[in-house]
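Asker: After the sequence you'll find the predicted model.
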Amino acid sequence: MNLETLPLQLRNAIVDLFPPALQWFVHHLLTITVILTVFGLFFAFTTIAERKLLARLQNRLGPNRAGLPWFPKLKLWGITQPFADAIKAITKEDIVPAAADKVLHFLAPVLIVAFSLLGFAVLPFGRNLIPVELDAALLYFFAAGAATELAIFMAGWGSRNKYSLLAAMRALAQLISYELPLILSVVPVVMVCGTLSTKAIAAAQGGWTFGLLPHWHVFTPWGFAAFIIFLIATLAESNRSPFDLPEAESELIAGHLTEYSGFKYALFFMAEYFGLTALSGLGVTLFLGGWQAPCEFLQFIPSYLWFMIKLVGMIVFFIWVRGTLLRLRIDQLTRLSWKFLVPLALLNLGNGAFWALTPDWTGPLVLARWAISAAIVVVPFVLLGRRLTAGQAPRSYRYA
Amino acid sequence: MIVPASPDPAKPDLSTPPVAENSLASALPPFSPSAILPRLLARFPAATIELVPNPGPAAEHSLLLDAAHAREIATFLRDDDMLRLDYCSNATGIDWPEKEIVDTVKKSVPDPAGGPDKVVEEKTKRIQPGYLETVYHLYSMARKHGPVILRLRTENRNDRIFLPSLTPVWKSCDFQEREIFDLYGIVFLGHPDLRRLLMWDGFKDHPMRRDYVAPDDFEWEPTPHGSVLDRAKGHYPKTEGLNS
Amino acid sequence: MSNLTPPFSPGASPQDEPRRSPAGEGGPAAGNISDSEREDLRQHGILLTSLEELYGWGRSNSIWPLQFGLACCAIEMIAAATARFDIARFGAEIFRPSPRQADLMIVSGTVTKKMAPLVVRLWNQMPEPKYCIAMGACAISGGPFKQGYNVLKGIDRLIPVDIYIPGCPPRPEALLHGLTELQAKIRAEHVSGPQAARHLQADSASEFPIPDYGAHDLEPPHNPDLFKPPASPRAEGLKN
Amino acid sequence: MRAVHDEFHGDLLEVSMGPQHPSTHGVFRMVVTLDGEQIVKLKPVFGYLHRNHEKIAESTSYLSSMPYTDRLDYLCSMSNNWAYALAVEKLGGLTVPDRAQYLRVIMAELTRLVNHSCLVGFLFNDLGTSFTPLLYAFREREKILDLFESLSGSRMMCNYQRFGGCRVDPPPAWLAAASALVDNFPRFLDEYETMLTGNEIMLARTQGIGPMGAAQAINAGITGPCLRATGVDYDLRKVDAYGFYPRFNFRVPLGAHGDTYDRYMMRILEMRESVKILQQAFRELPAGPIMDPKAKLRGFRPKVGEAYGRLEGPKGELGFYLISDGSTNPWRYRVRPPSLINLTLLEELCLGRTIADAVVILGSIDIVLGEVDR
Amino acid sequence: MLGSGILKGLAVTAKNFVGSYHNPARMVTQEYPDVQPQLPANYRNFPFLVTENATDPMGTMRCVACQICEKECPPQCIYIEKSKDKKPDANGKLQLYPAVFDIDTAVCMSCQLCVEVCPFDAIKMDHVFAIAATNRFSGLLLNREELAKPNTYFHEIRPDEAAEVDGRLAAERAAAEEKAKAAAAAKATAATATKPATGGAAAP
């Protein structure tokens, strides 16, 4: 039995049980079910992982006493915590404010979950595991992803709460500012690989130098720069710290979520993590080699496991950032995007073009190719960074 | 109780002989009220300024200003180069309800029988009218000296409760004067935003006054004594024969 | 209201009723099953009981407090969330700033009369099932400041309180102890019948009237449907 | 600042922030009028924690007010105790033995460490961290609270000082533990500063935000680190030379811009100076009594008179103004709350800035509602 | 360079994260219900009444109902009613005792002033903190039966202070006995020996 193809074999076996007329339907239903289950559980465990990791960052233990309802002695290190939260959320009273726009208030959480799940359709989870093979997969992904901010705006507007409204405005500003660097950071990948298909992009990062150094895009100067821009934009797109302005707790109570209770709130919570997971999955696909193993000899581990490992790595990084950084202000957020990330991403576009045009530079020219490419990234980074932080530096103080 | 300054020059160390400024400055620190008072009197001849002695060990004497000139004097104190009282630390409201004072005057009455004079105590009762008072503690950050203490008094506690606001001189009085207005009911004329600070707007009383009676919420007082017991008794069930 | 006992009689020993569980372990219904519960078990059947347990387990392990501090006790409440005490171990570190997402209101500190209407409003804004812990002397009774003209003598005059944690301020451990008591209380709640949880009873109020600011005091100063103190133990045999 | 209200600019939005708001440090309330995210008007509303401290103190004895002072600024009970003791000592003409003076300095400076580390933790929470700096700060705070608890019996409400001295004499083991803690404190500060002081987001969020002018600050009665951040050299430990502070060798850090970053850095630098003071105090602590034998705690009746005692609390000038009418209760008991008066300039600092800045400015001023409303 | 401050911050949190697994200074959580806190001897939370004897707490209470604590208690949470009769105390002297001694822990602020003003070492501060109740009227008003705790308990929670108090009381008792003896001797020499009222030995 081959672990690598096991999921496909299982699926085919199940599909074959049905009459041919139903097989197409069953095939997709099965895919959807599996994705919902896997990523539903992934969401559940992400929340507990986040709480425990943040706790460890903060020198404490985090949830560890939930256990199981029928065996009070078993604590299970608290990993059942998300299920307790789920039970609580489902049974909680649902309050719709009298002044709220009932339709928008109801639609927003439904839509946001739907939109955030759409992205999963085009992620290649393994060598042969991709729900839908689209030639323009990237376009589809970004189109679907942009809609989530619309749902946030619906939530903020529909709640008729001043804090929610402010959050909605912030969400829109954030959407407009960061959609651009997000997409621009991806364009070099498209230029180098010559395709919009996520499957092809993941496949293009195959191969190793000396069997050890993987040919992932992140290990090229342009790819590294694009990856950093992508990371920052991902944080902003999924409203994570330091860009969690729409639900800035210390300023706007809970932002657009202020008027949501019970299950609707849980849906928002879920959507935020789904969105983050989907974007991280895209990042893994585009820059971290997708399902490719990092070294040749590690190929015995199934490709979908590699994908999940990298995904978890990205999520852990996001949690780490959340545990460390503070929040930007809305004008600084947009300034960072327009004055720093967008110019950098545009320059990186040229860098990608340069890289795409010079695949045949060999011998000492390889070094020149790397040096030029690195210079195109580093010099503007330093210059733009200096302009961005002009006048801001740690100060020295005098004493009386 | 702080006795209002009386014109009689009983305390030579506190009363202020009209000495020239320079000789005084060498003897006393420039911010001592005895040093300031003659300068103020010279500068504001129309004003009535009194020295209020503090009989306690702290011996921080204060200046009682009249309401009409208070703001001018305060501005002078702030801007005067020698004093530079640029910092008003504290503004306090005080309630002095009217009270009965028994003056005891000892008189020696010649004994009609021709013996030694008898000492007879003659008691006279008078009602000292109540007033509200504000006290300002001033310091100088530039000269690093202080405090100079200013007092202002209202005419009574009922309707003549107006005092000039010193907020235009020192912004630090802003919230403190609002607090005094809230809790004592002194109306500060010229305050830019005189609203209640601590209690809600519809509140009618001035709770820091001595005669304020707190609302009756003594339904459950398991450990009462003193005034609490008196108030709590009102909530005890009326059983015949026991508490009537 | 279930948390009111018959009037306090000065002679009776208060040890008659099991008032508090020993420190630390469990709560009133943590371990053994009482007779009435066994009876319930028989009536409901095992499935409902299991569901009830699941329901209680879920809610008791996911108590999100309202991020809401009033005074000194709030600092100890924050301290309970910090590394040394770590309220997160109980799954309760998610302090939600919006009442819509909170399950527990920890009234941590002096409730002044100016603040009281807002506390009631926050309580009304919280969705059921909701619980209230009065943390510290001030929240329970006004505490050291009860003589003050602007101090509400106990938040239970206006909203129902599930757990009272005395102390000024209570140690963070005392708050954690109160939380475990509350967890035990939630776990012991039933979904139906006369012993059903408060929020499941049809006639129990979820919202409480918000007092108005009056000319001298709150109007009304307390909720007469809710706050029914027993006659004072000093009512008879007054001392002078 | 744009405060135009016409068809091009749309409506102004009035938002009431507080009294239940995550960043108002308790039950403070700001009524903010917004134009977009820009603040065009800000009115602070007080009184949600007005618990009548002054009124209660007028009806209790001098000693009974001591535990109430713990609850004024509930992060710094030791400093409050001292300020009150200072005023009563001035009122009653009491002296304080040498050892008690040293102990008071030790307690006050430990309190400063507690308060400032909490403040920077809360400030970073307002800046949007996920509690991490706050929890690191509270980790250190717990250690100091352990010391307070083992000495005075309570973590927060120490009720430690008495007029005429202190209540408990610390045993040598306590002093050794405290000394070790103080010696290790700079390591925590270093780590803290590595983590946050140079952070680009932190610099962008605090530098140039809410600058306060020196003259403006003096006139508004701003005291403490907020005043010194504007460059005014006014530290009561130096100016009034109360306690035994003249015996200690320490410096007063001064800012230049008076903005949020300066206010933050004042706290960090003051903590470093406090560590120096503490180290000296532990070295020089003399033996001897800790109470003035003349001091009569129960039934204390000072002579008729008045006294204003003030000291450099962690938040600014904390003063107590007492008037005695010769009875056992003070006739008037007034607290000069630095937290309240430091808020005088809040509106000026916030106008034209965004909500996010207002929250940070408020956080950097360092208020505790127990003291603001009393 | 832009980002260096952020990277430093990330390094610090990573250090704390790793440290939380091996360095006790970076993992400070005490799991409260499983691990009880180490309370220092000086810890004070709510007063209790010291009794000499655990078996007869009401009979051997040190409190003589002098009501000083009731008067000094800042929030007025103590309520005392004096007894009508007198009982001999540890020194054998006839003393009043509190017929009612209630403390409302719902109000008490644990300030320790009652302890400081008590001339008889009868009221001391307790270490109990886990007394959350579901009813404040009956649950938090402690009467004298609940407040009374034996001297052995006092020794347990505050060994130093209890030893000091015991020493002081023993000295007072010895002085009292000496005085009584002297008085008895004086009376014996006066040869009109009626049994003195205070002559009985201390009832332990």
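Answerer: Sure thing, it's come through.

Asker: tell me the pLDDT at residue C:40?
Answerer: Looking at residue C:40, its pLDDT reads 62.

Asker: Spatially nearest residue to residue A:208 (excluding sequence neighbours)?
Answerer: Spatial nearest neighbour of residue A:208, excluding adjacent residues (CB to CB, 6 or more residues apart in numbering or on different chains): residue A:296 at 5.0 Å. Yep, even glycine has a C-beta here, placed from its N, CA and C like the rest.

Asker: Phi first, then psi, for that neighbour.
Answerer: phi -60, psi -40 (degrees, to the nearest 10).

Asker: so it makes contact with residue A:213?
Answerer: No - using CB atoms under 8 Å, residue A:296 is not in contact with residue A:213; the gap is 10.0 Å.

Asker: Next one: the closest residue to residue E:111 other than its chain neighbours from residue A:16, what distance?
Answerer: Excluding its sequence neighbours, the residue lying closest to residue E:111 (CB to CB, 6+ apart) is residue D:67, at 3.5 Å. Remark: distance between residue D:67 and residue A:16 (CB to CB, to the nearest Å) = 80 Å.

Asker: Of the two, which one has the most company?
Answerer: Between residue D:67 and residue A:16, residue D:67 has the larger neighbour count (other CB atoms under 10 Å in any protein chain shown), namely 24 against 10.

Asker: residues in contact with that one?
Answerer: By CB atoms under 8 Å, 6 or more residues apart in numbering or on different chains, the contact set of residue D:67 is C:144, D:157, D:159, E:74, E:109, E:111, E:113.

Asker: Make sure it is indeed in a helix.
Answerer: Yes - under DSSP: H, G, I helix; E, B strand; the rest coil, residue D:67 sits within a helix.

Asker: distance of it from residue E:48?
Answerer: Separation of residue D:67 from residue E:48 (CB to CB): 19 Å.

Asker: which residues sit in contact with residue A:399?
Answerer: Applying CB under 8 Å, 6+ apart, the residues near residue A:399 are D:251-254.

Asker: for chain A, where's the lowest mean pLDDT among helices and strands?
Answerer: Ranked by mean pLDDT, DSSP states H and E, the weakest helix or strand in chain A is helix A:249-252, scoring a mean of 68.

Asker: moving C-terminal of that one, what's the next helix or strand?
Answerer: Following helix A:249-252 in sequence order, the next helix or strand is helix A:262-287 (DSSP states H and E).

Asker: hmm, that following helix in reach of chain D?
Answerer: No - Helix A:262-287 lies out of reach of chain D by CB under 8 Å from any CB of the partner chain, never closer than 14.4 Å.

Asker: Which single helix of chain E contains the most residues?
Answerer: The residue-count maximum for a helix in chain E (DSSP state H) belongs to helix E:159-190.

Asker: my bad, should have said chain A
Answerer: In chain A, taking DSSP H as the definition, the longest helix is helix A:20-57.

Asker: on that earlier part again, do you know the pLDDT at the residue nearest to residue E:111?
Answerer: On the pLDDT scale, residue D:67 is placed at 90.

Asker: quick one, what contacts residue A:355?
Answerer: Residue A:355 makes contacts with A:188, A:191-192, A:220, A:222, A:369, A:373, as judged by CB under 8 Å, 6+ apart.

Asker: Keep only those of those residues that are in helices.
Answerer: A:188, A:191-192, A:222, A:369, A:373.

Asker: Name the residues of chain B found near chain E, please.
Answerer: Chain B comes close to chain E at residues B:220, B:222-226, B:228, as judged by CB under 8 Å from any CB.

Asker: wait, which of those is closest to chain D?
Answerer: Using CB to the nearest CB, residue B:226 comes nearest to chain D of the residues of chain B next to chain E, at 9.3 Å.

Asker: Tell me the helices and strands packed up against the longest helix of chain E.
Answerer: Using 3 or more CB pairs under 8 Å, 6 or more residues apart in numbering or on different chains; DSSP states H and E as the contact test, the elements touching helix E:159-190 are helix E:151-157.

Asker: Now do the helix it packs on: which elements does it pack against?
Answerer: In terms of contacts (3+ CB pairs under 8 Å, 6+ apart), helix E:151-157 is packed against strand E:47-51, helix E:159-190.

Asker: Sweet, I'm off.
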